[in-house]
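J.: Give me a 3D structure for the following:
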Amino acid sequence: MMVTRRVGEAPVYSQYIVPREPIPDDDKDLEPGEKKKKKRKGGQNKNRRQPFRQLLSNRLCPSVIRNEECGITSQVCKKIHDKKQFLEIKGCDLGEECVIFNKFGKCSYGIACRYGSKHLDAELNSIVDEEKWEKMKIYEVKKTLSKDLHSYLRGKKVWFGSSYTHLENAGIQISNELLQHRTKNKRAKVESPENKRAKVESPEGDQVSEEPITTKAVFEEVRDEYYCLSSKPRKTLGDAIRGKTFLAPLTTVGNLPFRRVCKEYGVDVTCGEMALCEDLLQGNASEWALMKRHHTENIFGVQICANSPLKVAKTVELISSECDVDFIDLNVGCPIDLVYNKGAGSALMDRAVRLEQMVEAMVAVSSVPISVKVRIGTSEKNITGKALCERLSKTGVSHLAMHGRTRQQRYTKHADWDYVSQCREVCQPVPLFGNGDVLSYEDYNTRLQQADGVMIGRGALIKPWIFQEIKEQRHIDISSSERLDMLKRFRDYGLEHWGTDIAGVEKCRHFLLEWLSFLYRYIPVGLLEVLPQRINERPPTYFGRDDLETLMCSAKSSDWIKITEMLLGKVPDQFNFVPKHVANSYN
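T.: Next up is the predicted model:
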């Protein structure tokens with residue numbers, strides 16, 4: 001059978017291709033003068049809803065797991081307090097082995113664990129293997145901030161001394177910030193019983209000071225009430241990062257379990273998902289979870305996003321003081337409207353002076369190296385990447401990274417590596433990592449000639465073993481069973497990270513589905529007429545060499561859900577999944 005290949009389609013052997021049905025001619029049904037409707041472009045699915053949400057009335061109160069009294073009265077607390085009642089709602093276990101208990105000898109989810117039958121006693125209390133727990137607890141991923149510091153952040157009672165001092169010396173206006181601290185502190189003192197009595201007894205009342213507000217003066221007033229950040233010895237990366245394989249920071253899909261999978265395949269440098277400075281400074285727990293590091297990540301950084309020197313300086317001072325990271329990266333490439341419209345992300349590429357102030361503030365207050373990730377520009381008419389790289393290389397950053405596209409292009413055109421190479425020349429001796437369109441070791445070798453290192457994003461999502469291919473300089477024809485084993489490892493890491501209760505299992509399923517929306521685009525080496533696979537070539541509809549491989553290459557989200565059911569059991573009723581990203585990168 002003769003198969004006609006469409007333009008931009010991957011060269012799969014004809015015997016594997018599913019015969020396509022004729023494309024209907026939509027134009028013949030149009031009325032005279034009526035225009036043909038445009039098809040939806042790729043990008044983000046902005047209107048999608050949560051795939052699963054557990055009702056509060058179906059959740060077990062944490063106090064029951066800890067065998068404590070509930071701190072909230074039963075009339076107010078809507079969660080379940082009866083173990084037997086919860087077991088009826090929870091249903092059967094998803095498996096016999098709990099990955100958390102097997103590894104650490106202790107599962108903090110107790111009766112709520114969906115794999116809990118092996119670590120519960122007759123009274124449904126958790127069993128603890130004390131010997132294993134003492135040996136393995138050092139490998140548990142720790143929380144990034146203490147409970148006390150979270151409280152101080154929410155109450156806006158953290159003193160960012162280094163940030164205030166640097167910005168004050170740089171002539172950047174921070175008087176409003178200092179005034180808020182002074183007002184908050186005075187209000188707290190006035191409202192205390194002692195000060196209320198003193199105010200009644202004093203006929204003079206409050207005296208308004210006309211002295212200028214300075215960092216030193218305000219600190220003397222608030223130091224006893226505030227959490228003061230401590231500084232650490234300054235870290236350096238030097239040239240240790242140059243030429244290393246680098247996993248790009250990836251929103252949603254660049255989570256800790258996925259990074260662990262990539263580490264197993266040999267990646268050298270990993271970076272967490274983009275976190276918003278505003279949310280971090282408010283003590284948002286889900287945002288701080290993005291700062292977590294696994295002990296196997298030997299060179300690990302975090303990426304932040306902000307629109308002002310004050311926000312970014314405070315966040316960097318906080319992270320470098322409290323978190324275990326090797327570098328902090330500023331996102332100057334995010335194209336998302338929500339971020340861009342606030343003047344952050346790629347919007348900073350058109351505000352060079354402000355960006356320079358932000359990076360200088362980061363370098364000044366940080367005890368760890370600072371890096372910046374940019375694009376070549378915001379549009380084809382506004383290519384500013386080269387000038388920015390030259391300016392940023394003089395601010396004291398440890399390295400730079402450049403995605404070879406503009407904000408407007410997203411993924412619709414090939415990355416401009418020639419321009420990346422030009423930028424590399426102007427920012428020496430600071431290393432510049434290039435990013436874009438790398439899906440094979442051959443792509444990597446070519447691009448390494450044009451940059452000091454190569455950062456891989458979508459290529460790692462489509463095939464995480466690309467790092468092993470780079471190390472071994474060969475194409476790996478990974479089988480469907482090996483890919484399933486990889487997904488099982490992700491499941492285990494996900495349950496360890498997000499939890500083995502109902503909410504944790506479904507969160508693990510959600511992030512696995514997001515990854516599968518990229519993973520299906522991989523075409524096995526043995527099915528390709530021409531190697532290597534190109535990232536901008538669309539996979540045709542094809543059969544695999546076995547049923548599992550055929551299932552894994554499906555572009556239907558219903559088939560991705562079937563794969564998760566093989567690993568995490570049946571999806572809950574009324575479960576719905578729409579991927580966050582729709583591919584628009586094909587020709």
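J.: Now for Q180, how many residues are close by?
T.: 12 (other CB atoms under 10 Å). (Glycine included, C-beta is placed from N, CA and C.)
J.: Which residue is the nearest non-sequential neighbour of it?
T.: K156 (7.4 Å; CB to CB, 6 or more residues apart in numbering).
J.: And what about that neighbour, helix, strand or coil?
T.: Under the three-state scheme (DSSP: H, G, I helix; E, B strand; the rest coil), K156 adopts coil.
J.: Count the residues that sit near it.
T.: 14.
J.: Quickly note the distance from it to W288.
T.: In this view, K156 and W288 are 16 Å apart by CB to CB, to the nearest Å.
J.: ditto for P540
T.: In terms of CB to CB, P540 sits 43 Å off from W288.
J.: CA atoms of stretch 493-505 as CSV?
T.: C-alpha atoms of stretch 493-505 as CSV (Å, rounded to 0.1, in the frame of the first residue of the first chain):
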residue,chain,number,x,y,z
TYR,A,493,8.3,8.8,43.3
GLY,A,494,5.0,10.6,42.9
LEU,A,495,3.3,8.8,45.7
GLU,A,496,6.3,9.4,47.9
HIS,A,497,6.2,13.1,47.0
TRP,A,498,2.4,13.9,46.9
GLY,A,499,1.2,11.2,49.3
THR,A,500,-0.5,7.9,49.3
ASP,A,501,-3.9,9.1,50.4
ILE,A,502,-6.8,9.7,48.0
ALA,A,503,-5.7,13.3,47.3
GLY,A,504,-2.1,12.3,46.8
VAL,A,505,-3.0,9.4,44.4
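J.: Show me which residues of that stretch are buried.
T.: Across stretch 493-505, burial judged by 16 or more other CB atoms under 10 Å covers 493-505.
J.: Greatest separation within those residues: which pair is it?
T.: The span of these, defined through CB to CB, is set by Y493 and I502 at 18.6 Å.
J.: check which helix or strand covers the spatially most central residue of the chain.
T.: With distances taken as CA atoms, centre = their mean, the residue of the chain nearest its centroid is E273 (2.1 Å). Assessed by DSSP states H and E, E273 sits inside strand 269-276.
J.: quick one: T183 from L229, how far?
T.: With CB to CB as the criterion, T183 and L229 are 21 Å apart.
J.: D452 now?
T.: On the measure of CB to CB, D452 and L229 end up 33 Å apart.
J.: Equivalent analysis for L551, please.
T.: L551 is 51 Å from L229, by CB to CB.
J.: do V316 as well
T.: Distance from V316 to L229, by CB to CB: 11 Å.
J.: what does K137 give?
T.: K137 sits 27 Å away from L229, going by CB to CB.
J.: same question, R489
T.: As judged by CB to CB, R489 and L229 stand 37 Å apart.
J.: Neighbour count: those two, which is higher?
T.: More crowded of R489 and L229, by other CB under 10 Å: L229, with 20 against 14.
J.: OK, contacts around that one?
T.: Counting by CB atoms under 8 Å, 6 or more residues apart in numbering, L229 touches V158, W159, F160, G161, S162, E317, L318, S321, E322.
J.: In helices only, show me those residues.
T.: Among the contacts of L229, DSSP state H puts G161, S162, E317, L318, S321, E322 in helices.
J.: Throw together a ChimeraX command that grabs the buried residues out of those.
T.: In ChimeraX, this line selects whichever of the ones in helices among the contacts of L229 come out buried by 16+ other CB under 10 Å:
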select :161,162,317,318,321,322
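J.: In TSV, list the ones in helices among the contacts of L229 along with pLDDT and distance to E69.
T.: As requested, these are exported to TSV (pLDDT from 0 to 100; distance: CB to CB, whole Å):
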residue	pLDDT	distance to E69
G161	95	41
S162	95	43
E317	97	39
L318	97	35
S321	95	36
E322	94	32
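J.: Out of the ones in helices among the contacts of L229, the closest to K132 would be?
T.: Relative to K132, the closest of these is E322; by CB to CB it sits at 29.3 Å.
J.: what's the closest residue in space to the closest one that isn't next to it in sequence in contact with, if anything?
T.: Nearest-residue entry for E322: L145, 5.9 Å, with adjacent residues in sequence omitted and distances by CB to CB, 6+ apart. By CB under 8 Å, 6+ apart, L145 lies in contact with L153, G283, W288, E322.
J.: Which one of those residues is nearest to R534?
T.: Nearest to R534 among these is W288, at 38.5 Å by CB to CB.
J.: for that closest one, what are its contacts?
T.: K143, T144, L145, H150, A275, L280.
J.: Only the buried residues of the one helix or strand N445 maps to, if you could.
T.: In this assignment (DSSP H and E), N445 forms part of helix 441-448. Residues of helix 441-448 classed as buried by neighbour count (16+ other CB under 10 Å): Y441, D443, Y444, R447, L448.
J.: backbone phi and psi for the closest residue to the last one other than its chain neighbours, please?
T.: This means L448. Leaving aside its chain neighbours, L448 sits nearest to V454 (5.7 Å; criterion: CB to CB, 6+ apart). Main-chain dihedrals, V454, degrees, to the nearest 10: phi -120, psi 130.
J.: Might one say that V454 is in contact with G434?
T.: Yes: V454 lies in contact with G434 (CB atoms under 8 Å); the separation is 5.8 Å.
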